[in-house]
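Asks: Here is my input; please provide its structure:
(3 chains)
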Amino acid sequence: MEHPVTVENLTVAYHQKPVLREVEFSVPKGKLIGIVGPNGAGKSTLIKSILGLIPRASGEVQIFGKPYKQERRRIGYVPQRESVDWDFPTSALDVVLMGRYGHIGWFRRPSSKDKALAMSALEKVGMADYADRQISQLSGGQQQRVFLARALAQDAEIYFMDEPFVGVDAATEKAIIALLTELKHQGKTVLVVHHDLQTVTEYFDWVLLLNIRLIEFGPTEEVFTAENLQKTYGGRLSLLQESGNLSAFKA
Amino acid sequence: MESLWLILSDPNTRWVLAACVLLGLSSGVLGCFALLRKHSLLGDAFAHAALPGICIAFMLVGSKSITLFLIGAVVAGLLAAACIQAITRYSRIKEDTALGLVLSVFFGFGIVLLTKIQQSANGNQSGLDSFLFGKAASLVGTDVKVMMGVAAVLLFVCWLFFKEFKLLSFDPGFGRGLGLPMGLFNALLMLLIVLAVVIGLQAVGVVLMAAMLIIPALAARYWTERLDRMIVLAGLFGALSGAAGTLVSSLTYNMPTGPVIVLCATALFLLSLIVAPQRGLAVKGMRRIKLRSRIAEENLLQSLYDLAEKDLLAGRLRPGIGYRIAQLIERRPTAPKAALRTLRRLHRDGLVKRVGAAQGLETRWMLTDKGGELAYELTLHQRMWEIFNMYEGVLGSFKWDGRQGGLAEQLPPEVLQEVDRLLDAHELKPRLTFAGGGRA
Amino acid sequence: MSYELWVILTGALVASSCSFIGCWLILRRMAMLGDAISHTALPGIVIAFLISHSLDSWAMLIGAAVFGLLTTFLVQTLHQSGVQSDAAIGVTFTSLFAVGVVLVSVYARDVHIDLAHVLYGEIAYVPWNQLVVGGVELGPRAVWMVGGTFLLSLAVIGLLYKEFKITSFDPALAAALGLPVTLLHYILMTLVSMTTVSAFESVGAILVVAMLIVPGATAYLLTDRLGIMLGMSCIIGIVTAVIGYYAAVLLNASIAGAMTTTAGTLFLLAFLFSPSHGVVMKWRAKRRLAN
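Replies: This is a model prediction of the structure:
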């Protein structure tokens, strides 16, 4: 059984400041994985460099043991919500349909099957009623759900999500988690850049602790320990504890 | 040379020369603020929007008068600025579209007015045509005197409000926080830019006026990191292009002045782009090549260090232990041949030495004391960054300047001490020290 | 067909082909790149003329397309080497335009290009320049040129509709899906330069910009669907051309200028009274909510 994602010696440098140094890990199949670390640790950079959106100084990425480019279709991506112009004249359903473009191929139009798939993706995130809405008329949480539905429509085996919980309401957060769990049960692998330490144990099976280099990677109960968090966050940890952000976490 | 003196002895040419130098100077200076405010293309919009203003001024008076033209152009320019602002604020249309929209609609309306004027009796003497492409030769003494007055006012106001404009270009939010009327200063700056555009219109024309605002300022940006010097340089570049353009075009048959001035400015820009110290492409390219080979060197040094440190911690480190390229590559993959080349370079610099007699790819290598010291510093540097990410507050207001030497040398002593303690606490301190070695 | 109808047809074709391609520029926030390309068509035309020694439309089309791509390339290169994007556009198009003007002046005896017409064109002369094949007059050359490029953009964008849509909306996802984002950008810019140059001789550089931007921006305020925006911008363009022509006749003024002014007026109406995005409508909705 090949690993869904294998990253070898990944280094990203920007001028003289290291952004990511020699990151290596292999992701097991069918897990919900949180990528956690302080600001500036390179979490988004890790995802983007795996997807080839920013150049790597060195390193290899393999998807199911093959080069990334060959296996692109097996990957779904949810960028940060602010990365697009929500004034774009298009409907929620249309955005979800974009997830099918990788499968449709050049020149061809989305078929009625694609549209049905997109519609059922919208249903899964509870947005079927908003299919015809112009996207700027949706709330932040609804926009995030549309993005998620688009990733579902990609029908991928591995998902990369960049901070899907930022700026969403509690209901959306719950809906997203339910969805991620369902994906996991379907045997899919999901990697999520995550900010909120308090919810890590609740949401994720595995954790990747990152601070420029890879600090630890493994099952949450083994890796998400006081010692490892101290290694990752250091002085910020006490701040987080004081602010109650870590109240759920027993050292 | 003789023909140059001959041309300069003509009083009319002297006026034209003075006008072009002035326009270069003032638009260079104002262009700096426009560039830093990311409003470079606003000058383009103002220049196009001036056309209907000038036409209306002409229609009202019926004769050519530079003062009235100035007023008409300024009113139209400010109206255009207001339109752009209203469109971006009250609709979903973004700034670039608003800019192009206002620019072209104002200009189209100006063309309608222009055709009406040309049909009227005194239309042909209006000289309005010269505004489209600029006709420096049509400038007369009175025009230039008005231009001098306006340019003097522009430069004086810039000097007077230098620090307010600086704040406006850099951080208007902060200025507002200080209680300064940033909106007012923004309006004043717009007015000054409109005036600078209007001065230049007659000499270089509608389309090319934007160039005078953008290019000298952009060229100056390459030579300095300070706003005051940038402004002086931009003014200088602008004036120089104005002078050179005028002279070249008066020495050549049938050569329009405006485009030549612009091309002189472009030549200055290209020169700056390539040869400027620090920011120039030549220096940057060289730096990139050097950086690449330095990273390769640093990687190998660190790999040698890692291997030795590992052996030290396992109690296996004996004097004279060396490592093969295959082992080094395993830690940080590169092509073996490239690694060998880099190692030879390091050897030449006395940073590594050979162990044993094996040759080529089989050679065993180890760090010299000098190389070990350097590898220690590199490892320390990288681990310090990890600490900074963990403890945001540690650095305080300190900013590391990579060009000024190592991180450890620049850190204030109390920060260094604290970082040192944290490195210890996280067991991140490099363990292997060499003779003369690191700061333990 | 009468003289008048040919002029209106040319204007309508120019307006609809420009606004169709212009919608994409607006959505990609590249309106000023369109402005730049429409200016740099001048050196392209002059150099094409100096090489081919003819005012043949095809040579000019190729010359302008090459310069359009050159402009796009220079802007991108300057931007990548650290020049902010607005300044990169400004430097590139003014410098190339200056080269064009200098070339026209130097070769004034050989090149019969009237610079004023480069800026604001002369659509009134269009019907006199007929395309003649085998002795049969087939209508004005300009109509064939503009119509041909319009059909080409319709075909290319029709085939690559979803690709252009996704690269405009979310280039990061497009790149992650493996779409050649840069190639698509250059294809679009080639279409922009060809559209520009074919419209050039009838309406001139500045008014090409107006047609590229204004009808598209108007449509953008009236609809929330990309397909409808594209179609609507073409219709607005045609309406603009018709009203503009009769306004010009009425006022006895420049036709192209009048068309631009009309386009601006229609935009102002949409800006104020668009049912969904108009300032007045939004203000009234807000007041109703307050009561």
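
Asks: and the gap between whichever residue of the stretch 51-200 of chain A sits closest to chain B and residue B:93?
Replies: When distances are taken as CB to the nearest CB, the stretch 51-200 of chain A reaches nearest to chain B at residue A:87, 4.4 Å away. C-beta coordinates here come from the backbone N, C-alpha and C atoms, glycine included. Residue A:87 sits 9 Å away from residue B:93, going by CB to CB, to the nearest Å.

Asks: Comparing the two, which residue is more hemmed in?
Replies: Neighbours around residue A:87 and residue B:93, counted as other CB atoms under 10 Å in any protein chain shown, are more numerous at residue B:93. The numbers are 25 against 17.

Asks: What are the phi and psi values at that one?
Replies: phi -80, psi 130 (degrees, to the nearest 10).

Asks: Next, count neighbours for the closest residue to chain C within the stretch 1-150 of chain A.
Replies: Across the stretch 1-150 of chain A, the shortest distance to chain C (CB to the nearest CB) belongs to residue A:134, at 3.6 Å. Residue A:134 is flanked by 19 other residues according to other CB under 10 Å.

Asks: Which stretches in the chain count as strands?
Replies: Just so you know, I chose chain A. Ranges of strands in chain A, per DSSP state E, are A:5-14, A:17-27, A:32-36, A:58-63, A:66-67, A:75-78, A:158-162, A:189-193, A:206-211, A:213-219.

Asks: Chain C is the one I meant
Replies: C:130-133, C:136-140.

Asks: Can you tell me what sits against the first one?
Replies: With CB atoms under 8 Å, 6 or more residues apart in numbering or on different chains as the test, strand C:130-133 has contacts from C:137, C:138, C:139, C:140, C:141, C:144.

Asks: So what's the residue count around the residue in the stretch 151-291 of chain C that chain A sits nearest to?
Replies: Relative to chain A, the nearest point of the stretch 151-291 of chain C is residue C:224 (3.6 Å; CB to the nearest CB). By the criterion of other CB under 10 Å, residue C:224 has 21 neighbours.

Asks: One more: residue C:66?
Replies: 17.

Asks: re earlier: pLDDT score for the residue of the stretch 51-200 of chain A closest to chain B?
Replies: What the model reports as pLDDT for residue A:87 is 90.

Asks: Can you list phi and psi of it for me?
Replies: According to degrees, to the nearest 10, residue A:87 has phi -80, psi -10.

Asks: I'd guessed it sits against residue A:136; true?
Replies: Yes: Residue A:87 is within contact range of residue A:136, at 5.2 Å (criterion: CB atoms under 8 Å).

Asks: And for the residue of the stretch 151-291 of chain C closest to chain A, nearest residue in space, chain neighbours not counted?
Replies: residue A:134 (3.6 Å; CB to CB, 6 or more residues apart in numbering or on different chains).

Asks: Flag the shaky bits of chain A, pLDDT-wise.
Replies: A:1, A:14-18, A:235-251 (pLDDT under 70).

Asks: go again using 50 as the cut-off
Replies: For chain A, the stretches with pLDDT under 50 are A:244-251.

Asks: dump the residue contacts of the nearest residue to residue A:161 once chain neighbours are set aside.
Replies: Nearest non-adjacent residue to residue A:161, counting by CB to CB, 6+ apart: residue A:78, 4.2 Å away. Shown in contact with residue A:78 (CB under 8 Å, 6+ apart): A:147, A:148, A:150, A:151, A:159, A:160, A:161, A:162, A:164.

Asks: do you know how far residue B:412 is from residue B:418?
Replies: Counting by CB to CB, the gap from residue B:412 to residue B:418 is 10 Å.

Asks: With residue B:107 as the reference, measure out to the residue in the stretch 101-250 of chain C positioned nearest to chain B.
Replies: Going by CB to the nearest CB, chain B is nearest to residue C:210 of the stretch 101-250 of chain C, at 3.5 Å. Here the criterion is CB to CB. By it, residue C:210 lies 8 Å from residue B:107.

Asks: burial measure for the residue of the stretch 101-250 of chain C closest to chain B, as a count.
Replies: Neighbours of residue C:210 (other CB under 10 Å): 35.

Asks: Quick one: name the residues of the stretch 101-250 of chain C near chain B.
Replies: Selection of the stretch 101-250 of chain C residues close to chain B by CB under 8 Å from any CB of the partner chain yields C:101-102, C:105-106, C:108, C:115-116, C:119-120, C:205-207, C:209-210, C:212-214, C:217, C:220-221, C:248.
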